[in-house]
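Peer 1: dropping a prediction and its sequence here:
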Amino acid sequence: MKAGRTKTPFRALIEGLVGLILVLVALVLIRYVADHTAWPVLDGFAGVLLANAPLIVIFSVLFTIGEALAAFPFPLNLAFPVFNAVGSMLLVSLILKVIAFLDRFYALGTGSALDIIGFILLPLTLLVTLVAGYMSIFAPSGRPAATEGDGNDSPRTESEGEGSPSWDEIGEEFRKVVNDAVRKIRDEIRQGLT
């Protein structure tokens, strides 16, 4: 977990549940307004959203779980990119369904292109969100690492336990290993291309 994040898992869970309730209330309001107006586009849009209400609930819950897991310290936050990636993929599929509705309503003729875009965009969304999530976990945290030769070393006390590192220290070492491995792979690829 980054030093800049101050959100607790409980707060992330509460915010996610409040957001889900607000989305459901917005769906009901959109349906109500669509039933009491004579605008066919709004009626069709409300129909698409209500038909996909389970999908909206699922990706909202996945994002909530992802935010709650992201608030935990290092070893416990490793699953949050997976939840966010699947939620992002479901969100993109909902957006594609809304675009497909608009395409059918206005007869734009982009239906076949939307199938191709969806075929490319859904896995790409999954991959990019996973990579970005794990990069946020394994990226250096911005704290300067103290080396043994530095004058910044403070003597350890007995209560800190010299033989047992903390999870933050383990996480920082693991981040360094992953960062070094990615850097080495990148350098090998660059050397192979030249």
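Peer 2: It's in. Numbering: from 1, shown residues only.
Peer 1: so Arg125 is in contact with Gly87, correct?
Peer 2: I think there's a mix-up here, since residue 125 is Thr and not Arg. No - the criterion here is CB atoms under 8 Å, and Thr125 misses it with Gly87 at 10.1 Å. Heads up, the C-betas are built off the backbone N, CA and C, glycines and all.
Peer 1: tell me where the chain has helices.
Peer 2: Taking DSSP state H, the helices of the chain run over residues 9-35, 40-51, 53-70, 80-106, 111-138, 167-193.
Peer 1: least reliable of these by average pLDDT, please.
Peer 2: Set side by side, these give their lowest mean pLDDT on helix 167-193, at a mean of 69.
Peer 1: of Thr125 and Gly87, who's got more company?
Peer 2: Legend: neighbour count by other CB atoms under 10 Å for Thr125 and Gly87, higher for Gly87 (21 against 18).
Peer 1: and for that one, nearest residue in space, chain neighbours not counted?
Peer 2: Counting by CB to CB, 6 or more residues apart in numbering, Gly87 lies nearest to Leu62, which is 3.5 Å off, once chain neighbours are set aside.
Peer 1: relative to Ala34, how far out is the closest residue to Gly19 other than its chain neighbours?
Peer 2: Leaving out its chain neighbours, the residue that sits closest to Gly19 by CB to CB, 6+ apart is Ser60, at 6.7 Å. Per CB to CB, to the nearest Å, Ser60 is found 21 Å from Ala34.
Peer 1: kindly report the same for Phe83.
Peer 2: Using CB to CB, Phe83 is found at 32 Å from Ala34.
Peer 1: and for Arg190?
Peer 2: 55 Å.
Peer 1: equivalent analysis for Phe80, please.
Peer 2: Between Phe80 and Ala34 the computed distance is 36 Å (CB to CB).
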